[in-house]
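Trainee: Sharing a model that was predicted from the sequence below.
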Amino acid sequence: MHTPRTLTAAGDLLRALAAPVRIAIVLQLLESDRCVHDLVDALGVTQPLISQHLRVLKSAGVVQGDRQGREVVYSLVDDHLAHIVVDAVAHVEEGER
């Protein structure tokens, strides 16, 4: 049996992954670590929007940032969460066929 605290934390984590831009960020970071401008170029959204979504993902423990000179390079904390996103996207794509 899972504790209410564990279930609440899992719900918070899933909510952090719920935005389409955050899903796209996780998929990008699954391919390779990236800095903000790489994500802006890849996803075609503004830098402030990417930064806002990265803050949500970072506070949820999904991504981490590593300062390298003037840039922060973001990576996934672990692949478990990426698998959740990949499986969700694959599930939707299967239903569209």
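Mentor: Structure received. Since we're looking at a predicted model, the values are computed, not measured.
Trainee: so where's the longest helix in the chain?
Mentor: helix 79-95 (DSSP state H).
Trainee: what helix or strand does the most centrally placed residue in the chain sit in?
Mentor: Ranked by distance to the mean C-alpha position of the chain (Cα atoms, centre = their mean), the top residue is V26 at 3.4 Å. Following DSSP states H and E, one finds V26 within helix 20-31.
Trainee: Tell me which other helices or strands that helix touches.
Mentor: Judged by 3 or more Cβ pairs under 8 Å, 6 or more residues apart in numbering; DSSP states H and E, helix 20-31 is in contact with helix 36-43, helix 47-59, strand 63-68, strand 71-76, helix 79-95. No exception for glycine: its C-beta is placed from N, CA and C like everyone else's.
Trainee: How many neighbouring residues does A19 have?
Mentor: 14 (other Cβ atoms under 10 Å).
Trainee: H83 versus that one, what's the distance?
Mentor: 18 Å (Cβ to Cβ, to the nearest Å).
Trainee: tell me the contacts of the residue nearest to the centre of the chain?
Mentor: Neighbouring residues of V26 by Cβ atoms under 8 Å, 6 or more residues apart in numbering: L17, L57, V62, V63, L76, L81, A82, V85.
Trainee: Equivalent analysis for H53, please.
Mentor: If you count contacts by Cβ under 8 Å, 6+ apart, then H53 has A19, V21, R22, I25 around it.
Trainee: would you turn these into a markdown table with pLDDT and distance to S32?
Mentor: A markdown table is the format used below for those (pLDDT from 0 to 100; distance: Cβ to Cβ, whole Å):
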| residue | pLDDT | distance to S32 |
| --- | --- | --- |
| A19 | 95 | 21 |
| V21 | 97 | 18 |
| R22 | 97 | 17 |
| I25 | 97 | 12 |
